[in-house]
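*Asks:* what follows is a protein structure lacking sequence information:
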């Protein structure tokens, strides 16, 4: 029997609005981000969840707290649901990166995957998050669970589930909006998108 995982990107932060690379940095949600989380909670009100999980970064924890509170479920942080570590790009705007790291920026502009020479690769991120989601699916076999994470984490999992590389530039995995929700089914040690 499949476990259903609803994977959610956190709500907006000021750094999202400023086009800053967040990675493992820890900015909070802004007012719009909190409103997005409340709106998503209304959309998910008809769903029944066994439990919820979250990245330990504040923007995800705040989003998970709003969702879990409105949906009446417990949630707990899980370290492996963190965003990709963007290394020396952390806190920089896209303009800053273009000026300081032109080669990396060109790569990122085409692929939307990596470009930094330190930090973490999207392949490593995908393996980390995929492993965590499969473990959570096993812990909650046959249930519906919620997992609040980050745009890069969701894109990496979707690429890994589809057997494509984000770095190829033609993965077909697009941008993930703040508070977007993606439905996945976990069965037999594999994840597949179901929406």
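*Replies:* That came through fine. Just so it is clear, the structure is predicted and the values come from calculations on it, not from any experiment.
*Asks:* strands paired with the host helix or strand of residue 7, and their directions?
*Replies:* Using DSSP states H and E, residue 7 sits within strand 3-9. In the sheet containing strand 3-9, the strands it pairs with under DSSP bridges are strand 144-149 (parallel), strand 181-187 (antiparallel).
*Asks:* take those strands and lay them out in CSV including mean pLDDT.
*Replies:* Supplementary listing: these in CSV, determined by pLDDT from 0 to 100:
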stretch, mean pLDDT
strand 144-149, 98
strand 181-187, 96
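*Asks:* picking up where we left off before, and the helix or strand following the strand holding residue 7, what does it pack against?
*Replies:* Per DSSP H and E, the first helix or strand lying C-terminal to strand 3-9 is helix 14-17. Contacts of helix 14-17 with other secondary structure elements, assessed using 3 or more Cβ pairs under 8 Å, 6 or more residues apart in numbering; DSSP states H and E, are absent: no helix or strand is involved. Bear in mind the C-beta positions are built from the backbone N, C-alpha and C, glycine included.
*Asks:* in helix 14-17, which residues are buried?
*Replies:* Of the residues in helix 14-17, those with enough neighbours to count as buried (16 or more other Cβ atoms under 10 Å) are 15-16.
*Asks:* pLDDT averaged over it - what is it?
*Replies:* Helix 14-17 shows a mean pLDDT of 98.
*Asks:* how far off strand 3-9 does the following helix or strand past that helix point, in degrees?
*Replies:* Counting by DSSP H and E, the next helix or strand C-terminal to helix 14-17 is helix 31-43. Per axes from the mean of the first three to the mean of the last three Cα atoms, to 10 degrees, the angle that helix 31-43 makes with strand 3-9 is 160 degrees.
*Asks:* just the residues contacting the next helix or strand after helix 31-43, thanks.
*Replies:* Next along the chain after helix 31-43, taking DSSP H and E as the criterion, comes strand 51-54. Judged by Cβ atoms under 8 Å, 6 or more residues apart in numbering, the contacts made with strand 51-54 from elsewhere in the structure are 60-61, 63-64, 67-68, 71, 73-78, 81, 136, 140, 143, 145-149.
*Asks:* try it again at 10 Å.
*Replies:* Under the contact criterion Cβ atoms under 10 Å, 6 or more residues apart in numbering, strand 51-54 has outside partners 5-6, 8, 10, 60-65, 67-68, 71, 73-78, 80-81, 132-133, 136, 139-140, 143-149.
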